[in-house]
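S.K.: how does the following fold in three dimensions:
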Amino acid sequence: MTAAATATPRRWQANWGAMAAYVAAYLALDWISLIDAYSHAAITPWNPPAGLSFAVLLRYGLGFLPAVFLAVAVAEVLFHGLSASPVATGLAALAIAASYGTAAAILGRLAGFSPRLDGNRDLLWLLAVAIGMTMLLAPAVAAVFAWRGLLGWSEFTAAATRFWVGDVIGVAVLTPFLLVLFDRPFPLAPPDARTLAEYALQAAAIGAGLWIIFGFEDTDHFEYSYALFLPLIWIALRDGMIGATWGVVATQLGLILAIQWKGYGADVVTQFQLLMLAVAATGLFLGQVVDQRRRAELRLKQHEAELARDARRRTTGELAAALAHEINQPLTALIAFARACQTVLRGPDAGGEAARGAASELIDRTVQQATRAGEIVRATREAFGHGDLRPVKSDIYAVIDAVLDMARGEAARHGARISVQLENPLPAVLVDPIQIEQVLLNFLNNSMDAMARAGAANRQIVIAAAPAAEPGFVELSVRDNGPGIPAEIADRLFTPFATTKESGMGLGLAISRSIVEAHGGRIRVGAARSGRGAEVRFTVPAYSEAADA
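M.R.: Sure thing, here's the model as predicted:
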């Protein structure tokens, strides 16, 4: 037997093992959740097996549909009184498996949907599709039960409502928990004492909320329903989505235990389950927002690191260019003097032949070494002078937003207020966004430093963008109400090492000019149009379809 022939049985064996584990888990959850069963069909107000089935189909695909059908059929026979009605068992299992398979297929075909629940959109679609599909499933299953005599037609509406509530709560509570757990399990290492103490406090807060609702005899228990939200909000803010899913499960279990302890009937259980749906949605969406905020901060730090690397590369390039300019001048003079010496030594008035030959050989070597040094400096300048320019179609609004995010902390430190004036709409631009962000950050930092040194009381900076006078370009500008540009440096503002800062290198504007010119734009600096402060303006090319051709 070949290796290819033996691979298939192993794969099927692994699938059968996973399906067997799923069926066992389904039956265990169904047995545990048999509380306040309604009618002979034992319809419960909480159906966690539905959440398990939905999570498995979303995570592992529609290949699990036979296992879903089998698990539902066996559970209906064992726990829901359908052993005497194989037709009803088959139809109910078929309807349930087909409904959740269809829901999983719909979500799988949605563009951008991720079973990892990476964003609010994923969570919203999950709940919306689950709610809509169970609204269709519940009356269908109730009709099967009524048709086979397991409940009266007069009970149809109540049975369908409770079936729907049970399935929706099962999905809202358990499906996000399992999907997050599949992708982001807790670390195997035990938490430290401080973390354990916080978990204990969170569990105590859930318990306290349940006691507030159920601990008083002569009160309307729904009057204090807000007590279920508060612990979950705390947990979601602290631990994000993974904490929210654990908190939702813990709250649901506590709610079921409290209801059983108080001995409430099925109607009250159903009402509390609808409340639990709102609690679960609130906690899950809040946890998702917290995770998105944290991811946006992990991305911002990475972006800042990229800017820092690009700035270092640019600074090194400009430094190399400046050094090349400075060193090439004495090298050129050295070569000129050496060659003049050669001419003298080779003239008719020179000394003996041996002396002239030795002097000529030494001077030739000097020229070779001096020329080689010039080539090394020139190669260094070419290697570092311009860096890597990677222009792509970019949204100028997104570029400015990224700069504002990165400059917010420095602006707060300097007591400066940054405002934005953008014409709408603006065309897309063809730039390297990292480098243009570096240019804008450099101008913002220069403005803040200048206003701080001058002791300005009302420190205002404006970032503006509009179509440039030159067709095919967009003009960006940064202006402030600071002291303006000193006259002694105005004519050499873009010269490397020209600076008014005590600790500056004088490379910022030189680097910025290099970046703008590498994009094909122009840069200008002068007094602000208001008459006070400084303004720097530069252009970048607008994006056109011809650029991709």
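
S.K.: tell me which helix or strand in this structure has the weakest average pLDDT.
M.R.: helix 487-490 (a mean of 56; mean pLDDT, DSSP states H and E).

S.K.: now the next helix-or-strand element following it, how far from the centre of its chain.
M.R.: From helix 487-490 onward toward the C-terminus, using DSSP states H and E, the following helix or strand is helix 508-518. With CA atoms, centre = their mean, to the nearest Å as the basis, helix 508-518 stands 31 Å off its chain's centre.

S.K.: next, the buried residues of stretch 276-288.
M.R.: Residues of stretch 276-288 classed as buried: 276, 277, 279, 280, 282, 283, 284, 285, 286, 287, 288 (neighbour count, 16 or more other CB atoms under 10 Å). (Each C-beta comes from the backbone N, C-alpha and C, glycine too.)

S.K.: which element is the last one on?
M.R.: To tie it back to what came earlier, the one meant is residue 288. helix 266-345.

S.K.: quick one, what contacts residue 534?
M.R.: 447, 450, 479, 480, 482, 484, 485, 525, 526, 527, 528 (CB atoms under 8 Å, 6 or more residues apart in numbering).

S.K.: I should have written residue 122 there, sorry.
M.R.: 113, 114, 115, 116.

S.K.: can you put those residues in TSV and add secondary structure, distance to residue 85 and neighbour count?
M.R.: Shown next, in TSV, are the contacts of residue 122 (DSSP: H, G, I helix; E, B strand; the rest coil; distance: CB to CB, whole Å; neighbours: other CB atoms under 10 Å):
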residue	secondary structure	distance to residue 85	neighbour count
113	coil	38	19
114	coil	40	15
115	coil	35	20
116	coil	40	15
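
S.K.: ok, so of those, who is nearest residue 127?
M.R.: residue 113 (12.4 Å; CB to CB).

S.K.: the nearest residue to the closest one once chain neighbours are set aside: which element?
M.R.: Nearest non-adjacent residue to residue 113, counting by CB to CB, 6 or more residues apart in numbering: residue 107, 5.3 Å away. Using DSSP H and E, residue 107 maps to helix 86-109.

S.K.: can you check residue 538 too?
M.R.: Using DSSP H and E, the element containing residue 538 is strand 534-541.

S.K.: and that strand, average pLDDT?
M.R.: Averaging pLDDT along strand 534-541 gives 91.

S.K.: quick one: residues contacting the nearest residue to residue 101 once chain neighbours are set aside.
M.R.: Excluding the flanking residues, the one nearest residue 101 by CB to CB, 6+ apart is residue 65, at 4.9 Å. Contact analysis of residue 65 by CB under 8 Å, 6+ apart lists 57, 97, 101.

S.K.: any idea how far the strand or helix carrying residue 179 is from the middle of the chain?
M.R.: Assigned by DSSP H and E, residue 179 belongs to helix 156-183. Centre-to-centre, helix 156-183 and its host chain are 28 Å apart (CA atoms, centre = their mean).

S.K.: could you check the angle it makes with helix 86-109?
M.R.: Per axes from the mean of the first three to the mean of the last three CA atoms, to 10 degrees, the angle that helix 156-183 makes with helix 86-109 is 50 degrees.

S.K.: helices or strands next to helix 156-183 in the packing?
M.R.: Identification of packing neighbours for helix 156-183 by 3 or more CB pairs under 8 Å, 6 or more residues apart in numbering; DSSP states H and E yields helix 48-60, helix 120-147, helix 229-262, helix 266-345.

S.K.: ok so, going back, including distance to residue 304 and pLDDT, could the contacts of residue 122 go into CSV?
M.R.: Shown next, in CSV, are those (distance: CB to CB, whole Å; pLDDT from 0 to 100):
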residue, distance to residue 304, pLDDT
113, 31, 82
114, 26, 84
115, 31, 85
116, 26, 84
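
S.K.: which one of these is nearest residue 394?
M.R.: Nearest to residue 394 among these: residue 114, at 25.5 Å, using CB to CB.

S.K.: return the residues in contact with the closest one.
M.R.: Contacts of residue 114 by CB under 8 Å, 6+ apart are residue 122.

S.K.: using CSV, write out every CA atom in stretch 122-133.
M.R.: Output of stretch 122-133 as CSV, limited to C-alpha atoms (Å, rounded to 0.1, in the frame of the first residue of the first chain):
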residue,chain,number,x,y,z
ASP,A,122,-17.7,39.8,13.0
LEU,A,123,-19.5,39.7,16.3
LEU,A,124,-22.5,41.6,14.9
TRP,A,125,-22.9,39.3,12.0
LEU,A,126,-22.6,36.2,14.2
LEU,A,127,-25.4,37.4,16.5
ALA,A,128,-27.6,38.7,13.6
VAL,A,129,-27.4,35.5,11.6
ALA,A,130,-27.9,33.3,14.6
ILE,A,131,-30.9,35.3,15.7
GLY,A,132,-32.4,35.3,12.2
MET,A,133,-31.8,31.6,11.6
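
S.K.: buried stuff in that stretch?
M.R.: 122, 123, 125, 126, 127, 129, 130, 131, 133.

S.K.: go on, stretch 46-61?
M.R.: Buried residues in stretch 46-61, counted by 16+ other CB under 10 Å: 46-60.

S.K.: how about stretch 293-310?
M.R.: 303, 307, 310.

S.K.: what pLDDT does residue 249 get?
M.R.: pLDDT, residue 249: 92.

S.K.: now do it against residue 22, distance only.
M.R.: Distance of residue 249 to residue 22, given as CB to CB, to the nearest Å: 18 Å.

S.K.: swap in residue 205?
M.R.: 33 Å.

S.K.: comparing the two, which residue is more hemmed in?
M.R.: residue 22 (21 against 17; other CB atoms under 10 Å).

S.K.: for the more buried one, pull up the helix or strand it's in.
M.R.: Counting by DSSP H and E, residue 22 is part of helix 3-32.

S.K.: tell me the mean pLDDT for the helix holding residue 107?
M.R.: Here the average pLDDT along helix 86-109 is 88.

S.K.: likewise for stretch 131-147?
M.R.: Mean predicted confidence for stretch 131-147 is 89.

S.K.: just stretch 30-37 next, same as before
M.R.: Here the average pLDDT along stretch 30-37 is 81.

S.K.: what about the stretch 401-549 of the chain, any weak spots by pLDDT?
M.R.: 486-508, 528-531, 546-549 (pLDDT under 70).

S.K.: part of a strand, is residue 390?
M.R.: No - according to DSSP: H, G, I helix; E, B strand; the rest coil, residue 390 belongs to no strand; its state is coil.

S.K.: contacting residues for it?
M.R.: residue 432.

S.K.: one more: residue 414?
M.R.: 448, 449, 451, 452, 459.

S.K.: tell me the one of the contacts of residue 65 nearest residue 533?
M.R.: residue 57 (62.2 Å).

S.K.: how close does the nearest residue to that closest one once chain neighbours are set aside get to residue 285?
M.R.: Among residues not flanking residue 57 along the chain, residue 104 sits closest, at 3.9 Å (CB to CB, 6+ apart). As judged by CB to CB, residue 104 and residue 285 stand 21 Å apart.

S.K.: residues of stretch 462-481 that come out buried?
M.R.: Buried residues in stretch 462-481 (16+ other CB under 10 Å): 462-465, 468, 473-481.

S.K.: from these, which land in strands?
M.R.: 462, 463, 464, 465, 473, 474, 475, 476, 477, 478, 479, 480 (DSSP state E).

S.K.: correct me, but the third one touches residue 479?
M.R.: This means residue 464. Yes - between residue 464 and residue 479 there is a contact at 7.4 Å, judged by CB atoms under 8 Å.

S.K.: residue 106 and residue 129 touch, don't they?
M.R.: Yes - here residue 106 reaches residue 129: they are 5.6 Å apart, a contact under CB under 8 Å.
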